[in-house]
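*Asks:* Here's a sequence, model it:
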Amino acid sequence: MIASGGTFLDKARESLEGARLAHEGGRFNNSANRSYYACFQAAIHALIVAGIVVARRDTQWNHGSIQGQFNGLLINRRHRYSADLRMILSDNYEVRAQADYSDNPVSEIVALRALRRAERFVAAIVQTEGT
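*Replies:* Residues are numbered from 1 along each chain as shown. Below is the predicted model:
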């Protein structure tokens, strides 16, 4: 069963708080990971609230599909969100990939930039959805 959109917004807020705490604690790879997931979960929430059926494989959300549908449908077609959010999902995904899969750790400044993008992204979802 798919969780409700509100559940994903709660997860996004939790991930964002985790990103902040990780950054404050000097865990920059973890901060980058949580910053991406805050955006990813907020995007799922926005898509569900907009009534968009999101493609999944079994029980997992597809990252490329979420990015594509958020940008294509909610930014480009419906103009529900500002175009300045367009690159946040992909930018934070790239930083998360570095944090999770590269032997090159994420620097403090790169993690901070990802965190700031995530804060802006989640705030835009909350502001638009009024929750």
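
*Asks:* pLDDT weak spots in the protein?
*Replies:* Scanning the chain for pLDDT under 70 picks out 1-5, 55-60, 130-131.

*Asks:* Dihedrals phi and psi, the residue of it positioned farthest from its centre?
*Replies:* Taking CA atoms, centre = their mean, the residue of the chain most remote from its mean C-alpha position is Asp103, at 23.0 Å. Torsion angles at Asp103 (phi, psi; degrees, to the nearest 10) stand at phi -90, psi 0.

*Asks:* in what helix or strand does the residue most central in space within the chain lie?
*Replies:* Centroid-nearest residue in the chain, with CA atoms, centre = their mean: Cys39, separated by 1.2 Å. Per DSSP states H and E, Cys39 falls inside helix 28-49.

*Asks:* Quick check: buried residues in that helix?
*Replies:* Residues 28-49 are the ones in helix 28-49 that count as buried (16 or more other CB atoms under 10 Å). The way it works is simple: take the backbone N, C-alpha and C, and place the C-beta from them, glycine included.

*Asks:* and it, what does it pack onto?
*Replies:* Applying 3 or more CB pairs under 8 Å, 6 or more residues apart in numbering; DSSP states H and E, one finds that helix 28-49 makes contact with helix 5-24, helix 63-69, helix 88-101, helix 108-129.

*Asks:* Out of these, the one nearest Tyr81 is which?
*Replies:* helix 108-129 (5.9 Å; CB to CB).

*Asks:* Give the buried residues for that closest one.
*Replies:* Neighbour counts using 16+ other CB under 10 Å place 110-115, 117-119, 121-122, 124-126, 129 of helix 108-129 among the buried residues.

*Asks:* now Thr128: how far from Ser90?
*Replies:* Using CB to CB, to the nearest Å, we find Thr128 at a distance of 20 Å from Ser90.

*Asks:* before we move on, the earlier item: wait, the residue nearest to the centre of the chain sits on Ser90?
*Replies:* No. Contact status for Cys39 versus Ser90: not in contact, 9.8 Å apart, counting by CB atoms under 8 Å.
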